[in-house]
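In: please work out how this folds:
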Amino acid sequence: MHAPRTESNAHDLSRARLARLALLLAVAALVAGVPALPGRTRLLVALGFAGLSGLALVAGEAEARLRRRGLGWIALLCDLAAYAHVVIAMSAAGRPFLLLLALPVLIWGVLRGLSGALAAAAGAMIVALGLGGDAGLTAPLARETVAAIVAFLFLGLCSGVLGQRIQSAERAHRDTRRALLETTLDAESIVSCLSTGLLCLDPKGQVRRRNDNAERLLLAAGEIELGIDLEQLAARPGLEALGAHLSACLGSTFETTREFEAEEWCGGFPLEVATAPLRGPGGETRGLIVVLADLSERRARETERKRSEKLALIGQLSAGLAHEMRNSLKPITGSLELLRDDSWSGSGARPPDPRLIEIVLREADRLEGFLSEFLSFARDKSLTVEAVSLESVLREEGATLESLLSLPLTRGPCPDGQPLIRADRAALGQVLKNLALNAEQAGEVMTIELSAHVEGAEAWIEVRDDGAGIPEGVMEHVFEPFFTTKPRGTGLGLAIARDLVDRMGGELTLAPAPGNGTVAIIRLPLLAPAAQAA
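Out: Predicted coordinates for the structure are as follows:
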């Protein structure tokens, strides 16, 4: 199998073609300028030489393009014939041009190495023997012929070895260029795939390389052209602080990291800028590498992590507090129940007002309910996630909600095929109860709808109301613990519901319903068809 023809190969062939064409013209001019031959003869010899040499060039080009070695040997024969034609014509005129046969030996030694050089030398020796035989081998002529044959053989060996070394060097050069090109392409691919922005600056502070993400992050400041320097960059509105920081880091030998807040530059988001000196083979500083990263998502994750840690700590502390409060409520409610019975009759003392006792009992029940929800939120109760029929959830929980709610509950569509979802059955029931009660207490609600459908690999269970909806400033806080807009609400119902859905591997969101009202959407993963069949 032949190696693919690269740009370097084509360039080398073009140079060799030009060199041979120049040699052809030089020899043709030499022949045309010999005064010992008639003008017509010189013209014919020059044309014959040019024609045979042209055939050699065409055959060599065809070999290079078609990858057929046989065409190369045809080119060699044409070359030998062209030079033999000149030598024979010049010898007939008494002008021995025998040394011209050294040219094809040199040419084919360089082009083909030892095999080409020896083949050309053999052809030159045959021509030399033929010329010596035609002239009658006198002692001086015989010595000249033998000397020419030995010279052709020695020249063939030398030019063949030289050609092989040249070819080896060219192959090594091509391999090096190919490896360098592949390394460059790999580096470009890696740089383009980076999720962060990358700028490479030279020692003068000019941008020599940047990836697409760097342009995207700095898009607010306009296009970052290659060759722009830090002074020009700092002159752009909103990049003064960034340009000054990079200028200070350009001559530094240390790595640095700095965060720019949204108001410090024109990007409108927090930006992390990490710099590192670009070092040469001897350890000298040759520029600066700048890595840019948008901190928005990282800070959001950090905020969520801190919130989770804070909630976990609150849960641990409040679980013990709720337990102690519940222990104190038991004797209070028990004592009040004793005060309410008929043991006061005949004692002469005035019994307490029954309405006050009812108020205390009612508030104690409310406090008991609050503590129950609080403990449910604080405790990390383990869930049993298993295959659950979506149709049975809607049927059973719909019946439960109908008896629990004071508002009408309508049943929406249910997906066909009895799909199975991954959920904890009891936890899912509690989530639907919390969502329905939250919708009922929203105000201005006339009906509540329970429905479900399948979206890709998920099941969507929706609890929709037709109330006034959630105000825009309130929507982002509805899942925060203890946040409520209701006078007697605990602010834990939606927080508990979202926590349970998250632990089942799903997602709970609230959104404005089409028209009016609010829709709560529970997204839970479906079981794969193979798992459902099993």
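
In: after the helix ranked longest in the chain comes which helix or strand?
Out: Identified as the longest helix of the chain according to DSSP state H is helix 139-193. Once helix 139-193 ends, the next helix or strand along the chain (criterion: DSSP states H and E) is strand 197-201.

In: list of residues touching the next helix or strand after that following strand?
Out: Toward the C-terminal end, the helix or strand that comes next after strand 197-201 (DSSP H and E) is strand 207-210. Strand 207-210 is contacted from outside by 191, 197-202, 224-229, 233, 287, using C-beta atoms under 8 Å, 6 or more residues apart in numbering. From N, CA and C alone the C-beta is placed, and that goes for glycine too.

In: restricted to buried residues, select these in PyMOL.
Out: Per 16 or more other C-beta atoms under 10 Å, the buried members of the contacts of strand 207-210 correspond to this PyMOL selection:
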select buried, resi 191+197+198+199+200+201+202+224+228+229+233+287
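
In: which one of the contacts of strand 207-210 is nearest Leu295?
Out: Within the contacts of strand 207-210, the smallest distance to Leu295 is 12.4 Å, found for Gly197 (C-beta to C-beta).

In: circling back: distance from the longest helix of the chain to the middle of the chain?
Out: Computed by C-alpha atoms, centre = their mean, to the nearest Å, the chain-centroid distance of helix 139-193 equals 42 Å.

In: how about stretch 496-511?
Out: Distance of stretch 496-511 from its chain centroid, counting by C-alpha atoms, centre = their mean, is 31 Å.

In: list the buried residues in that stretch.
Out: Residues of stretch 496-511 classed as buried by neighbour count (16+ other C-beta under 10 Å): Ile496, Ala497, Arg498, Asp499, Leu500, Val501, Met504, Gly506, Leu508, Leu510.

In: pull the most distant pair out of the residues you listed.
Out: Met504 and Leu510 (17.6 Å).

In: and the helices in the stretch 1-150 of the chain?
Out: Along the stretch 1-150 of the chain, the segments classed as helices by DSSP state H, counting those that start in this stretch run 7-32, 39-66, 69-92, 102-112, 114-135, 139-193.

In: so which of those helices is nearest Ala520?
Out: Per C-beta to C-beta, nearest to Ala520 of the helices of the stretch 1-150 of the chain: helix 139-193, 39.5 Å.

In: what is that closest one packed up against?
Out: If contacts are counted by 3 or more C-beta pairs under 8 Å, 6 or more residues apart in numbering; DSSP states H and E, helix 139-193 sits against helix 7-32, helix 102-112, helix 114-135.

In: find the residue at the geometric middle of the chain.
Out: What sits nearest the mean C-alpha location of the chain, by C-alpha atoms, centre = their mean, is Cys193, with 3.5 Å.

In: now do that one, the pLDDT please.
Out: Looking at Cys193, its pLDDT stands at 71.

In: over to Ala64?
Out: pLDDT for Ala64: 68.

In: what about the closest residue to Asp294 other than its chain neighbours, how many neighbours?
Out: Nearest residue to Asp294, sequence neighbours excluded (C-beta to C-beta, 6 or more residues apart in numbering): Phe269, at 5.6 Å. Applying other C-beta atoms under 10 Å, we find 15 other residues in the vicinity of Phe269.

In: which residues touch Phe269?
Out: With C-beta under 8 Å, 6+ apart, Phe269 has these contacts: Ala262, Asp294, Leu295, Ser296.

In: and which of the residues you listed is nearest Ile107?
Out: Closest to Ile107 out of the contacts of Phe269 is Asp294 (62.9 Å), distances taken as C-beta to C-beta.

In: tell me the spacing between the closest one and Ala248.
Out: Counting by C-beta to C-beta, to the nearest Å, the separation of Asp294 from Ala248 is 23 Å.

In: between those two, who's got more neighbours?
Out: Using other C-beta under 10 Å as the criterion, Asp294 and Ala248 rank with Asp294 on top: 18 against 12.

In: wouldn't that one be in contact with Leu217 here?
Out: Yes - shown here, Asp294 and Leu217 form a contact pair, counting by C-beta atoms under 8 Å, at 6.3 Å.

In: overlap of the contact sets of the two?
Out: Contacts common to Asp294 and Leu217, judged by C-beta under 8 Å, 6+ apart, are Leu271.

In: checking the residue nearest to Cys249 when sequence neighbours are not counted next. Helix, strand or coil?
Out: In space, and not counting its chain neighbours, Cys249 is closest to Thr275: 4.4 Å by C-beta to C-beta, 6+ apart. Assigned by DSSP: H, G, I helix; E, B strand; the rest coil, the conformation of Thr275 is strand.

In: contacts for stretch 445-453?
Out: Residues from elsewhere that reach stretch 445-453, judged by C-beta under 8 Å, 6+ apart: 390, 394, 397-398, 401, 405, 407-415, 432, 436, 439-440, 459-467, 517.

In: how far off centre is it?
Out: Remark: stretch 445-453 is offset 43 Å from the chain centroid, using C-alpha atoms, centre = their mean.

In: re earlier: for the residue nearest to the centre of the chain, give its distance to Thr183.
Out: Taking C-beta to C-beta, one finds Cys193 at 16 Å from Thr183.

In: same question, Gly227
Out: Here the criterion is C-beta to C-beta. By it, Gly227 lies 24 Å from Thr183.

In: try Pro281
Out: According to C-beta to C-beta, Pro281 and Thr183 sit 16 Å apart.

In: neighbour count: those two, which is higher?
Out: Using other C-beta under 10 Å as the criterion, Pro281 and Thr183 rank with Thr183 on top: 10 against 6.

In: ok, that one to Arg177 distance?
Out: Per C-beta to C-beta, Thr183 is found 11 Å from Arg177.

In: then Gly429?
Out: Per C-beta to C-beta, Gly429 is found 70 Å from Arg177.

In: so between the two, which is more surrounded?
Out: Set Gly429 next to Arg177 and count neighbours by other C-beta under 10 Å: Gly429 wins out with 16 against 13.

In: that one against Glu397, yeah?
Out: Yes - if you go by C-beta under 8 Å, Gly429 and Glu397 touch, sitting 5.5 Å apart.

In: can you list the domain ranges for the protein.
Out: Per automatic domain parsing, the structural domains of the chain span 7-180, 197-294, 299-378, 386-533.

In: tell me the mean pLDDT over stretch 239-256?
Out: Rounded mean pLDDT across stretch 239-256 is 86.
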